[in-house]
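Chemist: Provided below are the primary sequence and the corresponding predicted coordinates.
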Amino acid sequence: MRGIIVFVKNPELGKVKTRLASTLGDTTALEIYNKLVDYTRNVLVEIKNANLYVFYSSFIDTEDGWSNDIFDKRLQVEGGLGPKITSAIQSTFEECDQVVIIGSDCPQLTSSHIEDAFEKLKTHNVVIGPSHDGGYYLLGMGNYYPELFQDIAWSTNTVCQETLQKAKSIDLNSCKLETLSDVDYEEDWVKFGF
């Protein structure tokens, strides 16, 4: 079975898209965040034959737009991004053979990108969807490789490069999807928002 993980922050004023908020204000940043989350959810529900997991930052919301019938709702572990991703992927591999993890801030992401990642996992250990800022919008794995998340300079412009180097260092073959943009700053939203 295929598994797709999406990480979301609970939509609380002043706690989401803080780099956007620095120029647009907390209220607008929250509105943009909610639009991005809605878009991501709509992309995911197009995908068939996959277990869908949403991992919340603070608490599991059973009354939000993520359908309790479609999405397996879980809570991110405490700590930095590396431990959060590692834990989520490890738990998902207990139920799935292939796992893809995405964020919720890429307005260019389509279900085709995710399907392409699963297709490439048939011949590669790791698939990565680079973002223009040096991070990634998608990471797919055919097995659980916790080493991929160790000693990574998270939230920097070298995350994708470091992850690919890490994969190579442990003899994993990897491939890249097309590079897309995520939304972190006002200019990103102006260029790629909807």
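Modeler: Yep, it's here. Residues are numbered from 1 along each chain as shown.
Chemist: CA atoms of stretch 9-25 as PDB?
Modeler: Extracted as PDB, the C-alpha positions of stretch 9-25 are listed here (Å, rounded to 0.1, in the frame of the first residue of the first chain):
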ATOM      1  CA  LYS A   9       0.300  23.500  11.300                       C
ATOM      2  CA  ASN A  10      -2.900  24.100  13.300                       C
ATOM      3  CA  PRO A  11      -4.200  27.400  11.800                       C
ATOM      4  CA  GLU A  12      -3.600  29.800  14.700                       C
ATOM      5  CA  LEU A  13      -3.200  33.500  14.300                       C
ATOM      6  CA  GLY A  14       0.500  34.500  14.600                       C
ATOM      7  CA  LYS A  15       1.800  30.900  14.400                       C
ATOM      8  CA  VAL A  16       1.700  30.200  10.700                       C
ATOM      9  CA  LYS A  17       3.700  31.600   7.800                       C
ATOM     10  CA  THR A  18       5.700  33.900  10.000                       C
ATOM     11  CA  ARG A  19       7.900  35.100   7.200                       C
ATOM     12  CA  LEU A  20       4.800  36.100   5.200                       C
ATOM     13  CA  ALA A  21       3.400  37.700   8.300                       C
ATOM     14  CA  SER A  22       6.500  39.900   8.600                       C
ATOM     15  CA  THR A  23       5.400  41.900   5.600                       C
ATOM     16  CA  LEU A  24       1.600  41.100   5.200                       C
ATOM     17  CA  GLY A  25       0.500  40.800   8.800                       C
END
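Chemist: Can you give the distance of the helix or strand of the chain with the lowest mean pLDDT from its chain's centre?
Modeler: Of all helical and strand segments in the chain, the minimum by mean pLDDT, DSSP states H and E falls on helix 186-192, at a mean of 91. For helix 186-192, the separation from the chain centroid amounts to 19 Å (computed by CA atoms, centre = their mean, to the nearest Å).
Chemist: repeat for stretch 154-168
Modeler: 15 Å.
Chemist: ditto for stretch 76-87
Modeler: Here the centre of stretch 76-87 is set off from its chain's centre by 13 Å, with CA atoms, centre = their mean.
Chemist: and it, what's its mean pLDDT?
Modeler: Mean pLDDT, computed over stretch 76-87, is 95.
Chemist: Okay, buried residues for the least confident helix or strand of the chain please.
Modeler: Residues 186, 188, 189 are the ones in helix 186-192 that count as buried (16 or more other CB atoms under 10 Å). In this view, the C-beta of every residue, glycine as well, is placed from N, C-alpha and C.
Chemist: Leaving out sequence neighbours, find the closest residue to the last one.
Modeler: Counting by CB to CB, 6 or more residues apart in numbering, the nearest residue to residue 189 once its immediate chain neighbours are dropped is residue 183, at 5.2 Å.
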